[in-house]
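Trainee: Make a model of this:
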Amino acid sequence: IGFQNRITPDKMESNQEEMEHRLLIPKEDSQVKTSKTKLFIIGAVAALVGVAGVVHSGRSPESFHKKTETELSESNDLSFIIQSQYGANVPGSGMYPWKLITEPHKVSTLIVQEPAGETLLEGQEVSYHWHIIEDKKLSWGNSMEHTFTSTGLKEVHVARYITDVSTGEQTQTHHLVNEVAVKYVKRELRLLSDDDREGFFMALQAVYQTSTDDGIALFGDNFVGIDDLVKAHLQGAGQKECDHWHDGAGIMVHHLSFTLKLELALQAVNPSVTVPYWEYTIDSVQLGSDWRTSKIFSDDWFGNSGNSLDDNHFVKQGRWGYTTITKDEKFEITNAYGLLRSPWNVNPVTYVTRFDNVLGQKYMGGSLPTCDIVKSCFDSDTLSGMNTCLNGATHGPLHILLGGQWGVKLDEMTSKLIGSAQLLLFKTLWRRGFSRCPTSQTDLDNGFTSCACSSDAIEAAGGAYEVLTTHSGILHWMAATSNGAIEYNSDTDKFELPTKTEGYESATWNSFLTSLCDPGSVGEMYTSSAPYDPSFWVLHTTAERLLSYKRLLSMESDDNSPTSTTSFDETWGYDHIDSDSDIGVTCDWTNVDESDVLSMPTCIKGECSGHAADDVIPFDLSGVSSDLSATTTNQEFYDWLSPTNDDLTYVYDSFNYEHCESAGVTIG
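Mentor: Prediction:
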């Protein structure tokens, strides 16, 4: 079969068909056939020169899936490694089923690992021939450089030849067929190379500074500008009836599909980019309450986190200085100024805002979620439980800490009992129709400049106490967190202020309600226009990394996945908790006349649409994978996100939490 003629690089390039023949690469129409003649001849040649049997067995390429590398290593036979600018370490702490992983649109160096025990005789030399099937790439040498241009499993062939220098006679001794998983690698922001980090930020700036129409003209159909991404988040989280994206089982799939929608746009600008993650527990351990001094918030990265800004609360310096909030009065969800903000955020400032406190208080004492909190979430043994803590205890506080809230003054008692939960409790009143906000410039011109509760509506509902209890359940939550300041009396079936008179109680209920009717101004990250803040995008990848780690550890032991005793029930669901934001109510505004404060929505207990397993994800992600479409359901997308899915387009760099270990907390 033609091994006698010495193969040289010029022959490789001039006669690819002959080279493919020499490498014994199966033709598409004969991949399932076993070439007994080839096997016999190669086996005979191998026996004559005293080497072990040839690797290639006549199997189709599909049959080598995730097995070849293991088989070769056990037989001390031919193999290769892949090296990139980040070294030769396999991403994912070795937990992914693919033993060879490299990134698209970046140079990869494939390096032969010489078979153990092989000794060349005097007058012999060894050479290697490479063939990457999909890209029709041929190369010669102990190593080859290649840039893959798409994700997926790529078949790579390596043939080893021994040449007798005196005669030129060449004999093939080994033929390795292996698969390389080409996937983007999501890294912690600080672990990116300077070039890769700058590439991410520059592509993100293009999304923020270019409209969708202009971007499509410049970069292609996958581009989308930030205004349209914000509109999608407003439609998901800014509706009056309920929150379709948060406080339910859809929290992760919605935000991860949203991240992939952004990623398509970034890759239209720069195909090598993927969205990194910010492991904020590193800053929690290393900086404590000084986390705002982290490199993450330097001018060249995400900019000032909200401290030391002036009364307008927007960033003026660095890469994200003067990031604009767009005015679009034609869109269905805006504030009264026509800005793409939550309808209740009556903030006239036309730039992205941040503040380092919530109504004069340091939320969570001004500290980030700790390793203990993340570990508690990781230790959940159900997807339902993990969805809940990923929504609230872990990533939720970042939104509050970076957004902040100002412009409302609370009295001392109300501040202690409500404090940083004021906005979350306000939204309960807003969704139920008790608090109404200005909706237009006309309202503003007529003096309706902030959200307020109507005294007529309160009276019609039976007074402040009834609004806080029967109509909203707010007082129930306040009592649970009041450390005894508010108690429930089962004899009278009422909440009471111990030792206080009925008149004092009535005045207090009115004061509480008044304090909850207007949220003042709120920084973008604490609102449904949060994607305007560029730091938004590196939070949900952090959450998914934790979830992926849990999923990998819980997999049953088999040939292709790690051994683990971790139990994890992945039944679709969400553990609803009795909290300030998770009220479990949907309100129908269909027949409400919003000009009439007595015209109220119909609110019932129930799950908000968007969170059921068979609800459709908000985006058509067919540009990411042929397995995804405009009709992909939440459950189907969650299944696609499996960290062992061959079609998944990315992996995480590691699942190490060494900084938590140093603080005495072991995660996983």
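Trainee: Report the residue spans of this protein with pLDDT below the cut-off.
Mentor: Applying pLDDT under 70 to the chain picks out residues 1-76, 556-565, 578-581, 583.
Trainee: Mind listing what's buried along stretch 98-116?
Mentor: Neighbour-count burial for stretch 98-116 flags 98-106, 108-112, 115 (criterion: 16 or more other C-beta atoms under 10 Å). Where you see a C-beta, it was placed from the backbone N, CA and C, and this is true even at glycine.
Trainee: now the helices for the stretch 451-600 of the chain?
Mentor: For the stretch 451-600 of the chain, the helices defined by DSSP state H, counting those that start in this stretch cover 455-460, 464-468, 474-480, 502-516, 540-554.
Trainee: now for these, which one comes closest to Leu266?
Mentor: helix 540-554 (12.6 Å; C-beta to C-beta).
Trainee: Mind listing what's buried along that closest one?
Mentor: Quick answer for helix 540-554 (16+ other C-beta under 10 Å): 540-554.
Trainee: just checking, what packs against it?
Mentor: Applying 3 or more C-beta pairs under 8 Å, 6 or more residues apart in numbering; DSSP states H and E, we find helix 540-554 packed against helix 251-269, helix 371-378.
Trainee: so how far is the first one off the chain centroid?
Mentor: Meaning helix 251-269. 8 Å (C-alpha atoms, centre = their mean, to the nearest Å).
Trainee: Likewise for the shortest one?
Mentor: The gap between where helix 371-378 is centred and where its chain is centred comes out at 18 Å by C-alpha atoms, centre = their mean.
Trainee: That helix to helix 540-554, inter-axis angle?
Mentor: 60 degrees (axes from the mean of the first three to the mean of the last three C-alpha atoms, to 10 degrees).
Trainee: Tell me the buried residues in helix 371-378?
Mentor: Cys371, Ile373, Val374, Lys375, Ser376, Cys377, Phe378.
Trainee: Show me what that helix is in contact with.
Mentor: 281, 284-285, 386, 389-390, 393-394, 546, 549-550, 657, 659-660, 663, 665-668 (C-beta atoms under 8 Å, 6 or more residues apart in numbering).
Trainee: Next SSE downstream of it?
Mentor: helix 383-389 (DSSP states H and E).
Trainee: any idea of the angle the very next helix or strand once past that following helix forms with helix 540-554?
Mentor: Remark: after helix 383-389, the chain's next helix or strand is helix 396-403, criterion DSSP H and E. Put simply, helix 396-403 runs at 160 degrees to helix 540-554, going by the same axes, to 10 degrees.
Trainee: Beta-bridge partners for the closest residue in space to Ile133 that isn't next to it in sequence, please?
Mentor: Leaving out its chain neighbours, the residue that sits closest to Ile133 by C-beta to C-beta, 6 or more residues apart in numbering is Glu155, at 4.3 Å. Using DSSP bridges, the bridge partners assigned to Glu155 are Glu179.
Trainee: separation between Glu155 and Val177?
Mentor: 7 Å (C-beta to C-beta, to the nearest Å).
Trainee: More neighbours: which of those two?
Mentor: Neighbours per residue, other C-beta atoms under 10 Å: of Glu155 and Val177, the larger number sits with Val177, 25 against 17.
Trainee: And for Arg160, the neighbour number?
Mentor: Arg160: 23 neighbours (other C-beta under 10 Å).
Trainee: before we move on, what about Gly403?
Mentor: Neighbours around Gly403, by other C-beta under 10 Å: 27.
Trainee: I'd say it and Val522 touch.
Mentor: Yes. Contact criterion C-beta atoms under 8 Å: Gly403 and Val522 qualify, at 6.1 Å.
Trainee: Against Ala268, how distant is the most centrally placed residue in the chain?
Mentor: Using C-alpha atoms, centre = their mean, the residue of the chain that lies closest to the mean C-alpha position is Thr541, 2.8 Å off. Separation of Thr541 from Ala268 (C-beta to C-beta): 19 Å.
Trainee: is it true that Lys295 touches Leu191?
Mentor: No. Applying C-beta under 8 Å as the test, Lys295 and Leu191 come out as separate, 11.8 Å apart.
Trainee: neighbour-wise, which of these two wins?
Mentor: Counting neighbours by other C-beta under 10 Å for Lys295 and for Leu191 shows that Leu191 has the greater number, 14 against 11.
Trainee: for the more buried one, what are its contacts?
Mentor: Contacts of Leu191 (C-beta under 8 Å, 6+ apart): Asp653.
Trainee: All further residue positions should be reported with the first residue as 412.
Mentor: With the count now opening at 412, the last piece we talked about shows up as Leu602.
Trainee: Give me the distance between it and Trp755.
Mentor: 39 Å.
Trainee: Count the residues that sit near Ile492.
Mentor: Ile492 has 15 neighbouring residues, counting by other C-beta under 10 Å.
Trainee: Contacts only, for it.
Mentor: Contacts of Ile492 by C-beta under 8 Å, 6+ apart are Ala499, Leu511, Leu521, Ile522, Gln524.
Trainee: Out of the helices of the stretch 862-1011 of the chain, which gets nearest to Gly729?
Mentor: helix 951-965 (22.2 Å).
Trainee: For Glu580, the count of nearby residues, please.
Mentor: So Glu580, with other C-beta under 10 Å, has 13 neighbours.
Trainee: For it, give its distance to Glu536.
Mentor: The spacing between Glu580 and Glu536, counted by C-beta to C-beta, is 12 Å.
Trainee: Now for those two: what residues contact both?
Mentor: With C-beta under 8 Å, 6+ apart as the test, Glu580 and Glu536 both reach Thr574.
Trainee: okay, the helices and strands packed on helix 951-965 in TSV with distance to Met775 next?
Mentor: Listed next are the helices and strands packed on helix 951-965 as TSV, based on distance: least, C-beta to C-beta, whole Å:
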stretch	distance to Met775
helix 662-680	20
helix 782-789	10
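Trainee: closest to Tyr937 out of these?
Mentor: Of these, nearest to Tyr937 by C-beta to C-beta is helix 662-680, at 15.8 Å.
Trainee: Only the C-alpha atoms, please, for the closest one, written as CSV.
Mentor: Taking C-alpha atoms only, helix 662-680 is exported to CSV below (Å, rounded to 0.1, in the frame of the first residue of the first chain):
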residue,chain,number,x,y,z
ILE,A,662,-33.5,31.6,36.9
MET,A,663,-30.4,29.8,35.6
VAL,A,664,-31.6,28.7,32.1
HIS,A,665,-32.9,32.2,31.3
HIS,A,666,-29.7,34.0,32.3
LEU,A,667,-27.4,31.4,30.7
SER,A,668,-29.4,31.6,27.4
PHE,A,669,-29.1,35.4,27.8
THR,A,670,-25.4,35.1,28.2
LEU,A,671,-25.1,33.0,25.1
LYS,A,672,-27.1,35.6,23.2
LEU,A,673,-24.5,38.2,24.2
GLU,A,674,-21.7,35.7,23.4
LEU,A,675,-22.9,35.3,19.9
ALA,A,676,-22.7,39.1,19.5
LEU,A,677,-19.2,39.2,21.0
GLN,A,678,-18.0,36.5,18.7
ALA,A,679,-19.4,38.3,15.7
VAL,A,680,-16.9,41.1,16.7
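Trainee: Quick one: work out the angle between it and helix 807-814.
Mentor: Going by the same axes, to 10 degrees, helix 662-680 makes 60 degrees with helix 807-814.
Trainee: who touches stretch 816-829?
Mentor: 724, 766, 768-772, 830-831, 833-834, 836, 889, 892-893, 896-897, 919, 922-923, 926-927, 929-934, 937.
Trainee: Same check on stretch 852-859?
Mentor: Ala747, Tyr748, Gly749, Pro849, Thr860.
Trainee: what about the last one, is that helix, strand or coil?
Mentor: At Thr860, secondary structure determined by DSSP: H, G, I helix; E, B strand; the rest coil is coil.
Trainee: how about stretch 1001-1010: buried residues?
Mentor: So for stretch 1001-1010, counting by 16+ other C-beta under 10 Å, buried means Val1008.
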